[in-house]
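dropping the sequence and predicted coords here.
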Amino acid sequence: MAVNSKRVFYVKYLPNEIYVDILRARPDVRLDRLENETAEEIFGPILTAAHAYQIGAARDELARHFHVDQDLLRRAPNLLIVSSNGAGYDPVDVEACTEAGVLVVNQSGGNAHSVAEHALGMLLTLSKRIIEADRALRRDSNVNRNSLMGIEAQGKTIGIVGLGHVGRRIAELCKGLLGMKVLAYDPYLTAEEMAARGGEKVELDELLRRSDYVSINCPLTKQSRGMIGAREFALMQPHAYFITTARGFIHDEAALLEALREKRIAGAGLDVWSKEPPPADHPLLQFDNVLASPHTAGVTREARINMGRIAAEQLLEALDGKRPPRIINPEVWPDYAKRFERTFGFVPA
């Protein structure tokens, strides 16, 4: 294969520099870096020549014209693969990619430990009312500790929506460390598969009614967008906590705000938002029983190294004609394989 014959580009950042190190070891790969502000006369030819786009997973960190939609796909006629930096792929129109014969992959599982630990940390912090106590102690000169009485998570029930890489790790931690009962809602898994991952398969309404904690751990799709709204919050128990480390838009922020104002639930742990980061005056940030973070659940040194490594390795596997393990749109494979053969002269396995 000729030098620099496989063209890859990214915009602004990568999960970790290990990605660059791995691709630089391949003389047949050219890696171009763009910025959100890169002029069109520079990025235009790069898009036209590109075979792969390593794209950021956070939609608000990426300039809109670098989101993968029909317009970008028209400007990148040689594009074969879109690879998300993370497990999510918000800036990617998967249907448009499928229609264009473009393979979409993510790095699911690469940050599962980090996200699961974050969710567990939120669960314990909310249970023990640590953030409320911290704020009260900084505000008041004479804090009544009995007014900050928490609960134990030990033996309680957690409902996990989405029992994939992160959800199953949360189930392991909650069962193993705290002896919790795990209910799970995941329409893509059988009861047997969910039992093997540590969860009892239930429907969403039952999960909401029975759980002391509800943890959202599914991807943002057309099916999951707006899945948790006013009706769903009304099903939760008044002492229950809502925790999400998944994606904004899965839950309705206005509906959550009303549920908290009316004290229909006990509190919330929010790592994801409809606008990221949320503005400082966001109404949900005004509640002491809301624990907030700016989409940092998966942002750890270990996770970033792991994500960079598997992203690079998976992309090279795909460019070498192998079938990558984390395909989002497997139905595109026949069309993708034909386009790949036209580009590189052989059929991918």
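Received the coordinates, thanks.

any idea how far Phe340 is from the residue most central in space within the chain?
The centre of the chain sits closest to Gly88, judged by Cα atoms, centre = their mean, with a distance of 3.9 Å. Shown here: Gly88 relative to Phe340, a distance of 25 Å by Cβ to Cβ, to the nearest Å. (Glycine included, C-beta is placed from N, CA and C.)

what does Asn142 give?
Counting by Cβ to Cβ - Asn142 and Phe340 are separated by 70 Å.

more neighbours, these two?
More crowded of Asn142 and Phe340, by other Cβ atoms under 10 Å: Phe340, with 22 against 4.

element containing that one, please.
In the assignment (DSSP states H and E), Phe340 maps to helix 333-344.

in that helix, which residues are buried?
336-337, 339-340, 344 (16 or more other Cβ atoms under 10 Å).

would you mind writing the CA trace of that helix as PDB?
Provided in PDB are the C-alpha atoms of helix 333-344 (Å, rounded to 0.1, in the frame of the first residue of the first chain):
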ATOM      1  CA  TRP A 333     -22.300  -3.600   5.200                       C
ATOM      2  CA  PRO A 334     -23.100  -4.800   1.600                       C
ATOM      3  CA  ASP A 335     -23.100  -1.200   0.300                       C
ATOM      4  CA  TYR A 336     -20.100  -0.300   2.300                       C
ATOM      5  CA  ALA A 337     -18.200  -3.400   1.100                       C
ATOM      6  CA  LYS A 338     -18.800  -2.400  -2.600                       C
ATOM      7  CA  ARG A 339     -17.600   1.100  -2.000                       C
ATOM      8  CA  PHE A 340     -14.500  -0.200   0.000                       C
ATOM      9  CA  GLU A 341     -13.700  -2.500  -2.900                       C
ATOM     10  CA  ARG A 342     -13.900   0.300  -5.400                       C
ATOM     11  CA  THR A 343     -11.600   2.400  -3.300                       C
ATOM     12  CA  PHE A 344      -8.900  -0.100  -2.200                       C
END
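
which other helices and strands contact that helix?
Contact partners of helix 333-344 among helices and strands, from 3 or more Cβ pairs under 8 Å, 6 or more residues apart in numbering; DSSP states H and E: none.

residue numbering should commence at 11 henceforth.
Got it, the first residue is 11 from now on, which makes the last one we talked about helix 343-354.

centre of the chain to that helix, how far?
When C-alpha coordinates are averaged (Cα atoms, centre = their mean, to the nearest Å), helix 343-354 and its chain have centres 29 Å apart.

quick one, helices of the protein?
Secondary structure of the chain (DSSP state H): helices at 28-34, 50-59, 80-85, 104-110, 122-137, 140-149, 175-188, 201-206, 214-220, 240-245, 263-271, 311-329, 343-354.

other SSEs contacting the third one?
In this structure, helix 80-85 makes packing contacts with helix 50-59, helix 104-110, judged by 3+ Cβ pairs under 8 Å, 6+ apart.

for those, give me a markdown table that also has distance to Leu270, mean neighbour count and mean pLDDT.
Below are the helices and strands packed on helix 80-85 laid out as a markdown table (distance: least, Cβ to Cβ, whole Å; neighbours: other Cβ atoms under 10 Å; pLDDT from 0 to 100):
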| stretch | distance to Leu270 | mean neighbour count | mean pLDDT |
| --- | --- | --- | --- |
| helix 50-59 | 43 | 14 | 97 |
| helix 104-110 | 33 | 18 | 97 |
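
looking at those helices, spot the one closest to His128.
Closest approach to His128 among the helices and strands packed on helix 80-85 is made by helix 104-110 (25.9 Å; Cβ to Cβ).

what's next to that closest one, contact-wise?
The contact list for helix 104-110 (Cβ atoms under 8 Å, 6 or more residues apart in numbering) reads 78-80, 83, 89, 92, 113-114, 338-339, 341-342, 345.

so what's Ala276 up against?
Residues in contact with Ala276 (Cβ under 8 Å, 6+ apart) are 136, 248-251, 299.

using PyMOL, define a selection of the buried residues within those residues.
Typed into PyMOL, the next command selects the buried ones out of the contacts of Ala276 (criterion: 16+ other Cβ under 10 Å):
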select buried, resi 136+250+251+299
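
farthest-separated two in the contacts of Ala276?
For the contacts of Ala276, the farthest-apart pair by Cβ to Cβ is Leu136 and Pro248; their separation is 14.2 Å.

all good on my end, thank you.
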